[in-house]
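Engineer: my questions concern the predicted model and sequence given below.
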Amino acid sequence: MKPLLPATTCTRGGWRMPAGIVLAGAVLIASGCLSSSAPDRDIPRPTLLNPRWEEGAFTEHLSFFQEAFQENEETLAPVSQYVGAALREARLQPAMEGRYRLRSRFGRPSGYAGYVGGKHPLAVRGDTSGVPVASQAVLVCADLAEGETPAEAAALLEVARLYGRASQYTIMPERSVIFALWPRLAAQEDPAAGLRTYLEQPTWQLDRVRAVLYVGLAPRRRAEVQALLDEYGIPLYRVAVPPEEERATGSGTAESAEMAASRAARTLAERTHRRLLAATLTGGKMMPALGDSIRVPRPCRPDAQKP
C-alpha cells in the first residue's frame, strides 16, 4: 500500500520531521481540530520548587476526618473512600492491585498508599547503592488516628497532591515517592501496626527504599520506629509538628482553633515538602547520588552583583 503523504522530510531545530506529519498538523490546525497555542496556557501549573498550597484544602481534610471518626466509631469505610478519592485526584498510582487500600488487618485496611513514579533522566544509572535512581523510592507516611488532630494526614494529602500533579508537567521527582497513611480507630491499638504490616508485606522492594519520612512522628515513638526500620537498613527522618506556641491564637473560639489546626497542617506540609525535595532530587544533601542532572536552585547572596 502506498503512503497517503510523501515521505520527504523537513528540518526544524536541528532534527528532521517527516513532511507528512507537518502537513497533517497544518490541516488539523486549519480545520480547528487542534489549537496552534499551547494547551492550558493560562492555567497555572503546579511546581515543586515554588509550591502554591490550596488554603481551603487543609481545612476540608481536617473537618472531614474529625467528623468521620466521631460519626463512625466502628468502621473506616468513609475514611477509606475519602482518602482513595484524594489520592486519585492527586493522580497517584495505586500502590497495589489497582487500589489504594493496603492489605487488611483485623478486617480493616492496614493503610492507604499511592505513589509517584521517579523520573531520573538516566534510568539505568545507579547511585552509590548500585540501584537505578528511578527505581528507588522514598516512603512518606503519617498516622490517621481516632481522637487525635489529623493535621499530619491533611499535610500528607496536600503534599501528595502537589507531587502527583506537578509530576504531570515536570521531570521531577527523580526518585519515586510512596505516600502512605496508617489508620487507627482506638488509642489502645499498636501505633506502629500500619508501618509494621507494610514492612512485612511491602508494595515496593525494601532494599530500594532509600528513606522513610514520618510526618508528625512523636519524639517518644522515634526509637520504636527506628528499630523497625533498622531491620531493613532504612533511615528515618522525622518531620516535627509545629510547637504549640506557633499554633496558638489570641482568642479561644472554635473558629480560631480550626484556623490554628489548618495553619499547623500547612506548616507540616511545607516542612515535609522541603525534606522530600532534598530526598527525591539526587543533588539534595540528605542522600547524595552520582550522575546527577537536576539541582535545586540556590539563592544568591544579598551582596552578589550581576555581571
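Structural biologist: All right, it came through fine. Numbering: from 1, shown residues only.
Engineer: so what touches the host helix or strand of V79?
Structural biologist: Assigned by DSSP states H and E, V79 belongs to helix 77-89. Helix 77-89 is contacted from outside by 61, 64-65, 68-69, 71-72, 94, 99-101, 109, 112, 114, 144, 157, 160-161, 164, 179, 181, 183, using C-beta atoms under 8 Å, 6 or more residues apart in numbering. (Each C-beta comes from the backbone N, C-alpha and C, glycine too.)
Engineer: likewise stretch 96-104?
Structural biologist: For stretch 96-104, using C-beta under 8 Å, 6+ apart, the contacting residues are 80, 83-84, 87-88, 92, 94-95, 109-114, 180, 197-198, 201, 203.
Engineer: measure it end to end?
Structural biologist: 12 Å (C-alpha to C-alpha, to the nearest Å).
Engineer: mind listing what's buried along that stretch?
Structural biologist: R99, Y100, R101, L102 (16 or more other C-beta atoms under 10 Å).
Engineer: thinking again about what came up before, list the ones among the contacts of helix 77-89 that fall in strands.
Structural biologist: P94, P109, Y112, G114, L144, F179, L181, P183 (DSSP state E).
Engineer: JSON lines please, covering those residues and showing neighbour count and distance to V212.
Structural biologist: Converted to JSON lines, these look like this (neighbours: other C-beta atoms under 10 Å; distance: C-beta to C-beta, whole Å):
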{"residue": "P94", "neighbour count": "17", "distance to V212": "20"}
{"residue": "P109", "neighbour count": "24", "distance to V212": "19"}
{"residue": "Y112", "neighbour count": "28", "distance to V212": "16"}
{"residue": "G114", "neighbour count": "26", "distance to V212": "16"}
{"residue": "L144", "neighbour count": "25", "distance to V212": "17"}
{"residue": "F179", "neighbour count": "30", "distance to V212": "12"}
{"residue": "L181", "neighbour count": "28", "distance to V212": "14"}
{"residue": "P183", "neighbour count": "25", "distance to V212": "18"}
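Engineer: of the residues you listed, closest to V138?
Structural biologist: Comparing the ones in strands among the contacts of helix 77-89 against V138 with C-beta to C-beta picks out F179 as the nearest, at 9.8 Å.
Engineer: isn't that closest one right up against Y115?
Structural biologist: Yes: look at F179 against Y115 with C-beta atoms under 8 Å: they come within range, at 7.0 Å.
Engineer: which residues of the stretch 1-150 of the chain score low on pLDDT?
Structural biologist: 1-46, 72-74, 106-107, 121-129, 147 (pLDDT under 70).
Engineer: hey, what's in contact with both of F179 and Y115?
Structural biologist: L92.
Engineer: got the contact list for the closest residue to V212 other than its chain neighbours?
Structural biologist: Spatial nearest neighbour of V212, chain neighbours left out: L139 (4.7 Å); criterion: C-beta to C-beta, 6 or more residues apart in numbering. Residues in contact with L139 (C-beta under 8 Å, 6+ apart) are I178, A180, W204, V209, A211, V212, L213, I234.
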